[in-house]
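Novice: Pasting the sequence and the predicted coordinates here, then a few questions.
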Amino acid sequence: MKKFSSLSINTQLSALLISAVVLSLIITGGILTYVSFQAQLDQLNNTQQARAQVISEKINSYFDDLQRKLTFLARVRGLTTFDSAAQRNILEGLIYHNNAYEMVGITDDKGNPLQTISRTDEAAPQSWGGTAAFQRAFQEQEDYFGAVELASQDALPTLILAVPIRDQQNKVDGMLFARVNLKFLWAILDETKVGNNGYSYILNQQQLVIAQSGNIPEKFLFEDISQSPLGKLLNNNFSPQTYRGLRGGTVLGNMGYITNANWRVVVELPVREIYAPLYNLLAVMGIGLILGIVIFGALGVSLARQVTQPLGQLTRAAAQFSHGELEARVVLDQDNELKVLADTFNHMAARLGDMINQLKQDIIAREQAEEEILQLNATLEQRVEERTQELRDAQEKIVRQEKLALLGQMAGSMGHELRNPLGVISNAIYFLKMTQPDAGEKIKEYLNIIEREILISDKIVGDLLDFTRVKSAEHEAVSVSELIHQTLERFPAPESVRVTLDIPADLPQAYADPQHIVQILGNLTFNACQAMTSTRLTNAAKVGNLTIASRAQGDMICIIVQDTGVGISPENMKKLFEPLFTTKVKGIGLGLAVSRKLAEANGGRIEVRSELGVGSTFTLYLPAHRMNL
């Protein structure tokens, strides 16, 4: 598109005009071709259907005539009692009336032939008593229309027609039969021409081709198509469509029905003959398209030049005007819309020259006004932000004071009351262990459980008291390695947790209150062990790994406590350091709140990262000792 837009207007207009003509010719021709083809296809469908119907009606009429003549003779009462000469005269009149009768005859009530006349030397059956024709005509007293038969390869297919004969008392006492030669089917099929290369054929109930248009073969064989794709297609609910025909090649097929024999007439026309007019139409369209391109291309180039030359003058004048040449004007000798356009451009250029100076002054004034508005907006936004922050801080302060007041009341009344009994119980456990060294394993197990629960309870009471009372930090240079080892001695990890330490030997000392740091690390390691010994992980052979590492990071010392526990959900991360927030069954949710308070009192901070199902990492940042030198 960019390459096209970079061409001259003359070239663009010529190309667009030619493209429009070509496109319109293609669309119009395509529509006409499609409509013509569909109309022709519909007409062919109708013609094919009419051909199939005509053939079906002719064959139905022919069979009706044959059956009607038999029925007419069978109505002669007492035909079986006539003398032999009279019966012969009647049968001769019948067989010579229509060449399709190959053999005619009369039987008695036992199926024995009374009189038979044949056009061939073929001997008549000795008895018809066990045949389907006799059973239908004599026993069931109904007209019989037999199946197609082929006596030999030298003979054409035939079928048997039979009707009951009645006596004077209207009682069936014999049968009038006729063997019909189906040679007439070829004649009827050839009478109806199917295009130039089309053909038709007849199928019986067993999907056998019993006749088809063309020369009558010297040796005839039934063609069985019942198991072929064509036979399966024609045996279903057939509708006019294209398929591979009986003689090969793609054809358009239609079907008619011969009701007397329950046969079907299939008419097939090759598709190549259907598409021949379409190919001719496409050739004519191609020639017309080429002529249209040549003629309208020449007209397009001529028309484009009449438009592009004045437009070129307008373009050059506009370019000069845009570069500050305000006196640039366009002069045209034409007397059309382009002349009006040029006069309008000249008038516009004159007015723009007068307006430019006024516009410059307006721009300067507007810029000054916008600058003043921006300054006012900045000042207003700053004031709103400051006021909003003040309101947030005040609200947080009120909430914090309410929580602290509640905790102060609880700590004052419960702290010492709970620690004294816990101390007594702890001493009693120690006494029992000393005095009962040979106690059973079950007793020792329960004593250890009581001792761990006392430690948890004492920690809860300690967190409660530590959060409510104000502790000032007593800073000193401390070894991070020693603080970590003191923490593990005070808060030992369970046997199911493997502890890994990664502390560089040349790690600088931290500058902080050692008791505060031990308490912070104790809370972090205690929480990590609980996360790895929760019920979610009890089935593991090794519950998890606790890794404590330390690094120097600028002017800070970072202590990293990493576990492989259950992790912390994103919604709980936001409330992790809030007082009284906990997700554990045991505890009141003050450990991390106390830890953050102590970290901030020592000039540090605590950061946390966590992933559900993977674990959590808490990082304690403390000032390095060299900062205070």
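Specialist: Right, received. Where do you want to start?
Novice: those helices in this structure, which residues are they?
Specialist: For the chain, applying DSSP state H gives helices covering 2-5, 9-74, 84-97, 132-134, 184-191, 229-235, 271-322, 337-435, 441-468, 480-490, 514-532, 570-573, 591-601.
Novice: If you average pLDDT over each of the ones you listed, which is lowest?
Specialist: Within the helices of the chain, confidence is poorest for helix 2-5, with a mean of 56 (mean pLDDT).
Novice: For residue 33, list the residues it contacts.
Specialist: Contacts for residue 33 (Cβ atoms under 8 Å, 6 or more residues apart in numbering) come out as 278, 281-282, 285. Heads up, the C-betas are built off the backbone N, CA and C, glycines and all.
Novice: Please tell me how far it sits from residue 293.
Specialist: Per Cβ to Cβ, to the nearest Å, residue 33 is found 18 Å from residue 293.
Novice: Could you pull up the residues touching residue 517?
Specialist: 478, 483, 510, 598, 602, 620, 622.
Novice: Does the first one touch residue 508 like I think?
Specialist: Which is residue 478. No. Using Cβ atoms under 8 Å, residue 478 makes no contact with residue 508, being 10.9 Å away.
Novice: Look at the two and report which has more neighbours.
Specialist: residue 478 (21 against 18; other Cβ atoms under 10 Å).
Novice: Return the set of residues that bridge with that one.
Specialist: On the basis of DSSP bridges, residue 478 is bridged to residue 510.
Novice: ok, it to residue 560 distance?
Specialist: According to Cβ to Cβ, residue 478 and residue 560 sit 17 Å apart.
Novice: What subset of the contacts of residue 33 is buried?
Specialist: 281, 285 (16 or more other Cβ atoms under 10 Å).
Novice: Including distance to residue 146, could the contacts of residue 33 go into CSV?
Specialist: Output for the contacts of residue 33, formatted as CSV (distance: Cβ to Cβ, whole Å):
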residue, distance to residue 146
278, 47
281, 51
282, 53
285, 57
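Novice: now, the most widely separated pair of the contacts of residue 33?
Specialist: Greatest spacing in these, by Cβ to Cβ: 278 and 285 (10.3 Å).
Novice: which one of the helices of the chain is the most hemmed in?
Specialist: helix 514-532 (a mean of 23; mean count of other Cβ atoms under 10 Å).
Novice: Measure how that helix sits relative to helix 480-490, angle-wise.
Specialist: Going by axes from the mean of the first three to the mean of the last three Cα atoms, to 10 degrees, helix 514-532 is angled at 60 degrees with respect to helix 480-490.
Novice: So what's the gap between helix 514-532 and the chain middle?
Specialist: From the chain centre to the centre of helix 514-532 is a distance of 54 Å (Cα atoms, centre = their mean, to the nearest Å).
Novice: what's the pLDDT at the closest residue to residue 114 other than its chain neighbours?
Specialist: Sequence neighbours aside, residue 106 is the residue nearest to residue 114 in space, at 4.7 Å (criterion: Cβ to Cβ, 6 or more residues apart in numbering). For residue 106, the pLDDT comes out at 94.
Novice: For the remainder of this discussion, apply numbering that starts at 35.
Specialist: Sure thing, new numbering starts at 35, so read that last one as residue 140.
Novice: Could you tell me how many residues sit around residue 140?
Specialist: The burial count for residue 140: 23, using other Cβ under 10 Å.
Novice: and the gap between it and residue 196?
Specialist: Residue 140 is 11 Å from residue 196, by Cβ to Cβ.
Novice: Show me whatever sits in contact with both of those two.
Specialist: The contact lists of residue 140 and residue 196 share 209-211, where a contact means Cβ under 8 Å, 6+ apart.
Novice: Going by neighbour count, which of these comes out on top?
Specialist: Ranked by neighbours (other Cβ under 10 Å), those are led by residue 209, which has 30 neighbours.
Novice: dump the residue contacts of that residue.
Specialist: Applying Cβ under 8 Å, 6+ apart to residue 209 gives the contacts 140-141, 145, 162, 167-168, 171-172, 196-199.
Novice: Same list (the helices of the chain) but as a markdown table, adding distance to residue 179.
Specialist: Formatted as a markdown table, these follow (distance: least, Cβ to Cβ, whole Å):
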| stretch | distance to residue 179 |
| --- | --- |
| helix 36-39 | 76 |
| helix 43-108 | 8 |
| helix 118-131 | 17 |
| helix 166-168 | 9 |
| helix 218-225 | 15 |
| helix 263-269 | 21 |
| helix 305-356 | 36 |
| helix 371-469 | 86 |
| helix 475-502 | 103 |
| helix 514-524 | 109 |
| helix 548-566 | 94 |
| helix 604-607 | 87 |
| helix 625-635 | 102 |
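Novice: Run a quick neighbour tally on the nearest residue to residue 347 once chain neighbours are set aside.
Specialist: Spatially, and ignoring its direct neighbours in sequence, residue 347 is nearest to residue 364 (5.3 Å; Cβ to Cβ, 6+ apart). Neighbour count for residue 364, taken as other Cβ under 10 Å: 20.
Novice: I'd say residue 364 and residue 373 touch.
Specialist: No. Judged on Cβ under 8 Å, residue 364 makes no contact with residue 373 at a distance of 9.5 Å.
Novice: Cool, thanks, talk later.
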